[in-house]
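> Requesting a structural model of the entry that follows:
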Amino acid sequence: MVVPTADASAAPAPIKIALITSETGEAASEFVTSPQGFLARVDQQNAEGGIDGHKIIPLVFNDQGSLTTVVTAVQQAISEGAIGLVNDTPFFFNAYKYAQQAGIPVTGGSFDGPEWGEQPNTNMFASDVGSINPNYPLSTGLAQFLKSHGGSILGAYGYAISSSSSRAASQTATAATDVGMKVGVLDTSVVFGSVSFTTEALAAKSAGVNAVYGTMDNDSNFALLTALQQAGVKLKVVSFPTGYEPDIIHSTVWKSVQGVYFSAEFRPLSLPDAGTEQMAAALQKYEHRSPSNFPTYNIYESYVGADLMIKGIQLAGKNPTSAGVIKALRNVKSYNANGLLPDSINFSTIFGHNLPKTCGWFMEAEKNGFVATSTAPVCSGYLPNSNSATAPAS
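Next comes the predicted model:
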């Protein structure tokens, strides 16, 4: 009797990784292009032979901007055999527990909620900031920036449905007080996706607001800015965490955002290094996105999320498992996405903590495009023993 032997030339089994994002629905204006970064990084890796010969099969799940559908998306990704999930949706906070219960590693953006640093979610690896301190220690960096640019009375705005949005607005208000500013308006009751801010603008004018920070998506932030301008609010400084995007330069809002400062959590392509050049090349080759059409925040998040997941799979051995990827990633002591991050992350110690300092770039909207206020990232630490976890939402 002849016993059949395995074909030595047979390729190793493919590996599936899944992106959870919002291609349609209320958050689509921010996340519809998210698959570009994810797919470009996967295609780039497959072009290099995959991972130990394993081809990576990318799966993209659209949560449709729904708290219900995001659960379905995560469950489907797990049922289809994804070894890990990459998050790039603001609604993941309603579905993370299913990945934790299934023992599936999660990388990607931590902007949706505090679960990235809460027990028992040690399967989660925030590829943008490492992890989150559930106590939310207070950083005064943004408030100091607003003050240094002439701000004295703050208006801060966030979405009611998003804990990360409302908390960012509340934290900025608290920090503004700490650096000697006044808080004219703190509004964290905004309906997700709202573009009607007439009432809010009149309240800001009455309060003498001259510095604004909006922690909402582009549609809401820009509608807020327009309403403030139409109401005659005399603004000295405005900053938004999102909006550093090429499409805005050619849009009808470009004139109204002149002089606005936009945060860049990842190294901008206009400040090139090995990481930005690698990412730009991958996006151009596989997604036909030219370097002049520079990647948006959500594309960075999905690209870096895929990059960290790939690193974990590489370190998990020739026949990786989800558990093996989690173990491998928890032993990564220095990760900066090939220079895309402003600081390196030690995943062996970061869980439940913030990085020692917050760092990023400020990009100012000028006539012909965005210009970095500095080549080096702007960094700030945290106030000792501060705890804003119990800060009021509004």
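> Double-check that residue 223 belongs to a helix.
Yes - under DSSP: H, G, I helix; E, B strand; the rest coil, residue 223 falls within a helix.
> so what's it closest to, chain neighbours aside?
residue 195 (3.9 Å; C-beta to C-beta, 6 or more residues apart in numbering). Every C-beta, even on glycine, is put in place using the N, C-alpha and C of the backbone.
> Might one say that that neighbour is in contact with residue 219?
Yes - the criterion here is C-beta atoms under 8 Å, and residue 195 meets it with residue 219 at 5.6 Å.
> gap between residue 387 and residue 174?
11 Å (C-beta to C-beta, to the nearest Å).
> where do the strands sit along the stretch 1-150 of the chain?
15-21, 56-62, 84-88, 106-108, 124-126 (DSSP state E, counting those that start in this stretch).
> Present the ones you listed as JSON lines; the columns should include mean pLDDT and distance to residue 312.
Converted to JSON lines, the strands of the stretch 1-150 of the chain look like this (pLDDT from 0 to 100; distance: least, C-beta to C-beta, whole Å):
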{"stretch": "strand 15-21", "mean pLDDT": "98", "distance to residue 312": "10"}
{"stretch": "strand 56-62", "mean pLDDT": "98", "distance to residue 312": "12"}
{"stretch": "strand 84-88", "mean pLDDT": "98", "distance to residue 312": "7"}
{"stretch": "strand 106-108", "mean pLDDT": "98", "distance to residue 312": "7"}
{"stretch": "strand 124-126", "mean pLDDT": "98", "distance to residue 312": "8"}
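> What part of this structure, helix or strand, is modelled with the least confidence?
Here the helix or strand of the chain ranked lowest by mean pLDDT, DSSP states H and E is helix 28-31, holding a mean of 90.
> Give the other helices and strands that that one contacts.
The helices and strands touching helix 28-31, judged by 3 or more C-beta pairs under 8 Å, 6 or more residues apart in numbering; DSSP states H and E, are helix 218-230, helix 297-315.
> need the next SSE after the longest one, C-terminal direction.
Read it as helix 297-315. helix 322-329 (DSSP states H and E).
> Averaged pLDDT, that following helix. What do you get?
Mean per-residue pLDDT for helix 322-329: 98.
> What is it packed up against?
helix 297-315.
> Assign the nearest residue in space to residue 290 that is not next to it in sequence to helix, strand or coil.
Leaving aside its chain neighbours, residue 290 sits nearest to residue 284 (5.8 Å; criterion: C-beta to C-beta, 6+ apart). Per three-state DSSP, the secondary structure class of residue 284 is helix.
> and the gap between residue 284 and residue 93?
Residue 284 is 34 Å from residue 93, by C-beta to C-beta.
> tell me the contacts of the residue most central in space within the chain?
Centroid-nearest residue in the chain: residue 109, 4.3 Å away (criterion: C-alpha atoms, centre = their mean). The contact partners of residue 109, by C-beta atoms under 8 Å, 6 or more residues apart in numbering, come to 87, 88, 126, 127, 128, 298, 301, 305.
> Kindly recompute the last result at 7 Å.
87, 88, 128, 301, 305 (C-beta atoms under 7 Å, 6 or more residues apart in numbering).
> Could you do residue 215 as well?
Per C-beta under 7 Å, 6+ apart, neighbours of residue 215: 157, 158, 165, 168, 169, 241.
> redo that, cut-off 10 Å
111, 156-159, 162, 164-172, 188, 190, 221, 240-242 (C-beta atoms under 10 Å, 6 or more residues apart in numbering).
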